[in-house]
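# A structural model of the following input is requested.
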Amino acid sequence: MSDHLIIFLKNPIFKQINESKKSTKWTEFIDLLEHTSSITSKVDAHKHLYYDDYIENDSVFNDQSYSKKIHTSKNPKSQLIEAVKESFGQWAKKVVFMGADSMELTSKDINLVFKQLNHHHVVILPELNGGILLFGLTLFRSDIFDHFPWETENDLLDTIINLQRNKNTYCVLEAKSAYD
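This is a model prediction of the structure:
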């Protein structure tokens with residue numbers, strides 16, 4: 001299969017959260033994981049989960065459907081580059097990556113990004129308040145990630161300018177909300 005979906009997950013760290021908010025935050029976290037599992041399980045692609053601290057086996061992400069790994073780097077930009085590079089090294093033709101941070105995302109959104117990659121080098125589904133929810137590629141060039149972590153509209157614009165400068169085709173889809 002030449003389509004690869006990369007999902008970045010953070011292991012829960014609730015030590016810093018006020019005791020009165022822990023159960024609410026835990027419920028929100030579990031809801032996001034369940035939603036992400038539900039929408040990504042319907043996508044026909046190799047699915048790779050990258051955890052930041054430890055692998056959760058027997059979680060809402062079926063161990064047979066998702067390959068599970070721990071990041072080898074603590075630097076988020078390096079984590080992203082390594083994961084994308086690894087997928088292209090596995091003969092991926094299209095790579096889409098995302099986090100588990102939006103209840104608005106659907107499997108249709110993910111499939112749309114894969115479909116648009118038939119016509120563009122890069123497809124971006126931005127987050128309403130700055131940032132990116134889904135990012136798809138048909139090529140690997142590390143300079144595409146120069147403006148990562150894409151937290152502001154300017155970071156997205158600078159990425160688009162870079163794509164234009166290098167004559168890469170791109171598509172920007174309608175923005176959606178992320179979890180805060």
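
# what sits against the residue nearest to the spatial centre of the chain?
Centre of the chain computed as the mean C-alpha position; nearest residue by Cα atoms, centre = their mean is Met98, 1.1 Å away. When the contact criterion is Cβ atoms under 8 Å, 6 or more residues apart in numbering, the partners of Met98 are 5-8, 36, 105, 110, 133-135. Placement of C-beta: from N, CA and C, glycine included.

# can you do 7 Å?
By Cβ atoms under 7 Å, 6 or more residues apart in numbering, the contact list for Met98 reads 7, 133-134.

# next structured bit after the host helix or strand of it?
For Met98, the element it lies in under DSSP states H and E is strand 94-99. Helices and strands here follow DSSP H and E; after strand 94-99, the next one along the chain is helix 107-116.

# which helices and strands does the next helix or strand after that following helix pack with?
Taking DSSP H and E as the definition, the helix or strand that follows helix 107-116 towards the C-terminus is strand 122-126. Helices and strands in packing contact with strand 122-126 are listed as helix 107-116, strand 132-137, strand 170-172; criterion 3 or more Cβ pairs under 7 Å, 6 or more residues apart in numbering; DSSP states H and E.

# strands paired with strand 122-126, and their directions?
Using DSSP bridges, strand 122-126 pairs in its sheet with strand 132-137 (antiparallel), strand 170-172 (parallel).

# highest average neighbour count across those?
Scoring the strands paired with strand 122-126 by mean neighbour count under mean count of other Cβ atoms under 10 Å gives strand 132-137 as the most buried, with a mean of 24.
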